[in-house]
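Sequence and predicted structure are below.
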Amino acid sequence: MIHTYTVTGMTCNGCKASVEKALLSLAEVEKVEANVEKAEVVITMKSHISIEKLQQALPEKYKISQPNVFNTTSTKTEEKRDWKQLFPLFLIFGYLIIAATLLNSKPWSLSGFMLDFMGLFYIVFSFFKLLDLKGFPESFKMYDPLAKVVPVYGWVYPFIEVALGLMFLMRFKITVALILTLIILGITTIGVTKTLLDKKAIQCACLGTALKLPMTKATFIENSIMIIMAIAMLFQLTQ
């Protein structure tokens, strides 16, 4: 018999191999085919296996469930867990806002606040990506359209963020930095939007792989804030 299950937590080919190996260790399982992009696994088994037993065979980071089964309680629990996982992201945003505000409080400068916020944003977020430069490209290409087509883009992306961060903080070639921001974050936002619409359960790579963040609407909002700031600054510079 063949059954298809939803598996969350898979972000790369390494995860795919790990899930397949774990499930194949069960005596009842004959064949396992995991699909990272669809967040699902197809299991060929000799006899029926309970969800509980399948879950016990998997490493803790992966969660297996029946597909297309609406369960209000489990849905609410999953949403609560996702928002809890996003706490580090909100905390970082809070620190960035406070830092940018203090840097431009005397005298207050809105344009200075936005430039410093964007600069600090890139520097901090690139730091987390560089913590695992090997793992980041694998997670990033799961949803970024350009990284899927040009894998090397995922490797250089953290360094692009470092460069843009320094350009904003040092007020160097601001117009160029703003245009590049619109391009790279625009491309990523397209991929994020598609992922959300497809309801795929994948990991967001905004903070690299050091922190396991789920792809949610918060990721879309995060990029949107930067894009709106970039558009506002470009409009101001052209006046």
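On my side now, so go ahead. Numbers count the residues shown, from 1 in each chain.

After the lowest-mean-pLDDT helix or strand in the chain, which helix or strand is next?
Across the helices and strands of the chain, mean confidence by mean pLDDT, DSSP states H and E is lowest for helix 72-85: a mean of 53. Following helix 72-85 in sequence order, the next helix or strand is helix 87-103 (DSSP states H and E).

How far does that next one sit from its chain's centre?
The chain centre lies 19 Å from the centre of helix 87-103; the measure is CA atoms, centre = their mean, to the nearest Å.

just stretch 12-19 next, same as before
Shown here is stretch 12-19, whose average C-alpha point lies 17 Å from the average C-alpha point of the whole chain (CA atoms, centre = their mean).

What of stretch 117-131?
The chain centroid and the centroid of stretch 117-131 are separated by 14 Å, computed with CA atoms, centre = their mean.

With stretch 25-38 instead?
25 Å.

Quick one: end-to-end distance for that stretch.
Criterion CA to CA, to the nearest Å; first-to-last residue distance in stretch 25-38 is 23 Å.

Would you check that Lys63 makes contact with Met10?
No - look at Lys63 against Met10 with CB atoms under 8 Å: they stay out of range, at 10.1 Å. For glycine as for every other residue, the C-beta is placed from the backbone atoms N, C-alpha and C.

Pick out whichever of those two has more residues nearby.
Looking at Lys63 and Met10 with other CB atoms under 10 Å, you find the greater number of neighbours at Met10, namely 26 against 14.

How much space separates the more buried one from Met170?
Counting by CB to CB, to the nearest Å, the separation of Met10 from Met170 is 40 Å.

now the helices: where do they sit in the chain?
Under the criterion DSSP state H, the chain carries helices at the ranges 13-24, 51-57, 72-85, 87-103, 110-130, 136-140, 145-149, 152-169, 174-198, 217-237.

Could you identify which of those helices has the lowest mean pLDDT?
For those, mean pLDDT drops lowest on helix 72-85, to a mean of 53.
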